[in-house]
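Colleague: Following is a predicted model, sequence given first.
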Amino acid sequence: MLSFNSNGEINASSKQDALQQIIRYASVLQEGVPTSHSLASTVSEEKAAELIEAAIHDQHAKYSLAQAMANPIRKNLDYHGVARRGLVVDPVDQGEFVTYELDIDVQAVVVSAHGSGPESRIFGERASVELFELFSNPTIRYSEARRRRFNAIDRAIQKARQELMAQEDVNFFGALDIAATVENTAQDINDSVLLKRDLIDIKKQIDGWDNVTAKYFMNIAEFTDILKWGAGGGQGAGGGDFDPVSMREVLQTGLYGQIFGADIIVSKLVPPGTVYGCADPEFVGVMPVRQDIQVIPADEPKQLKLGWVVTSELGIGILNSRSVAVGRKSTLVNP
């Protein structure tokens, strides 16, 4: 049974016990990360109740409620989004031509204007990063808004955050997947189980270009492999190289531990059997954001529903392909 103490830390008797509990907690988080920022964090409870009730009838109140929802969605994306922690978020002005200087002889990979590829490789002195739109359309019934108020609106906020974050992260991992083999060589994880030496091989690829490996991104299946490190070969979690995270709030961001000074970040959007290694964001790439979170009322009165269109406009560019490496299992097994 997974338990946390009053400080939000895992109650564990050992590092191995903590690791097992993290994996159990991870299986819960894969179904949906709790919202860290809610409507109540933006306006008072009394004000929120007034906005929700008025939004059912009044057009001005609909826009006021939508505006109040934007900030918690934005904060949740910044806190939980993997892409926003792997890249430098760069606000850009309307009409600004989005270009970035490249290091000499380094290739870049950018996501197309449509999002989700095809990606393009750029070789030269500058890279143009195309922007694309993301959107979500959460709805709730009028009766639910009246009855549950905060819970109903917060669920809409969580749905929008999850859908936008998934779109950002899918594009991010797609760009990483291509960039990782532009300058570096994909590492073959020969065993059916991820071992320390596999992470070392990925690290060597990045560090060999005078970068420093700062993050590993993996699926829960590969993180579960770490439990098997105690089977032999000096792979035990008690060997001192792997340090699990114990704070619940940190675990909810996908950061589960550190190894060799690098964060281990787990996401269900990383393809099973794949592990990406990256340097710090400033050495990897950018996420230019022209339109941050915008929430527009989009009710469905015939369905008796409040609704919103939540949009953003951004781009994704890996400006230094030498700072990214990948390892892939030659054989996939069920965890």
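Modeller: Thanks, I have the structure now.

Colleague: switch to C-alpha atoms for all contacts and neighbour counts from now on
Modeller: Noted.

Colleague: Distance check, the spatially closest residue to residue 156 that is not a sequence neighbour against residue 146.
Modeller: Using C-alpha to C-alpha, 6 or more residues apart in numbering and skipping residues adjacent in sequence, the residue nearest residue 156 is residue 138, 5.4 Å away. Per C-alpha to C-alpha, to the nearest Å, residue 138 is found 17 Å from residue 146.

Colleague: list the contacts for the residue nearest to residue 156?
Modeller: Listed by C-alpha atoms under 8 Å, 6 or more residues apart in numbering, the contact set of residue 138 reads 156, 157, 159, 160, 307, 308, 309.

Colleague: Equivalent analysis for residue 73, please.
Modeller: Residues near residue 73 by C-alpha under 8 Å, 6+ apart: 37, 157, 158, 160, 161, 293.

Colleague: Okay, and which of those map to helices?
Modeller: Taking DSSP state H, the ones among these that sit in helices are 157, 158, 160, 161.

Colleague: could you dump those residues to a markdown table with distance to residue 179 and pLDDT?
Modeller: Listed next are the ones in helices among the contacts of residue 73 as a markdown table, based on distance: C-alpha to C-alpha, whole Å; pLDDT from 0 to 100:
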| residue | distance to residue 179 | pLDDT |
| --- | --- | --- |
| 157 | 33 | 90 |
| 158 | 31 | 89 |
| 160 | 29 | 93 |
| 161 | 27 | 90 |
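
Colleague: Just want the phi and psi numbers for the residue nearest in space to the middle of the chain.
Modeller: Centroid check for the chain by C-alpha atoms, centre = their mean gives residue 82 as the closest residue, at 2.1 Å. Note on residue 82: its backbone torsions stand at phi -70, psi -40 [degrees, to the nearest 10].

Colleague: There's contact between it and residue 169 in this structure, I believe.
Modeller: Yes. With contact defined as C-alpha atoms under 8 Å, residue 82 and residue 169 form a contacting pair (6.1 Å).

Colleague: before we move on, back to that, between the ones in helices among the contacts of residue 73, which is nearest residue 100?
Modeller: residue 161 (28.2 Å; C-alpha to C-alpha).

Colleague: what's the closest non-adjacent residue to the closest one?
Modeller: Nearest non-adjacent residue to residue 161 (C-alpha to C-alpha, 6+ apart): residue 73, at 5.6 Å.

Colleague: Can you tell me the element that neighbour falls in?
Modeller: helix 59-80 (DSSP states H and E).

Colleague: Would you map the strands across the stretch 201-335 of the chain?
Modeller: Secondary structure of the stretch 201-335 of the chain, counting by DSSP state E, counting those that start in this stretch: strands at 215-218, 242-244, 255-259, 262-266, 274-278, 285-297, 305-314, 317-318, 324-329.

Colleague: between those, which gets nearest to residue 191?
Modeller: Of the strands of the stretch 201-335 of the chain, nearest to residue 191 by C-alpha to C-alpha is strand 324-329, at 7.1 Å.

Colleague: Would you list the strands that the closest one pairs with, along with their directions?
Modeller: strand 187-189 (parallel), strand 274-278 (antiparallel) (DSSP bridges).

Colleague: any chance of these in a markdown table, plus mean pLDDT, distance to residue 320 and mean neighbour count?
Modeller: Shown next, in a markdown table, are these (pLDDT from 0 to 100; distance: least, C-alpha to C-alpha, whole Å; neighbours: other C-alpha atoms under 10 Å):
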| stretch | mean pLDDT | distance to residue 320 | mean neighbour count |
| --- | --- | --- | --- |
| strand 187-189 | 94 | 19 | 19 |
| strand 274-278 | 98 | 10 | 27 |
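
Colleague: Residue 251 is nearest to which of those strands?
Modeller: Comparing the strands paired with strand 324-329 under C-alpha to C-alpha, the one sitting nearest is strand 274-278, at 18.7 Å.

Colleague: Poorly predicted segments of the protein, please.
Modeller: 1-3, 27-44, 113-120, 148-150, 230-240, 331-335 (pLDDT under 70).

Colleague: check contacts around the closest residue to residue 320 other than its chain neighbours.
Modeller: Using C-alpha to C-alpha, 6+ apart and skipping residues adjacent in sequence, the residue nearest residue 320 is residue 284, 5.3 Å away. When contacts are counted by C-alpha under 8 Å, 6+ apart, residue 284 touches 86, 87, 278, 318, 319, 320, 321, 323, 324.

Colleague: again, only using 7 Å
Modeller: 87, 318, 319, 320, 323 (C-alpha atoms under 7 Å, 6 or more residues apart in numbering).

Colleague: Quick check: the gap between it and residue 86.
Modeller: Relative to residue 86, and taking C-alpha to C-alpha, residue 284 is found at 8 Å.
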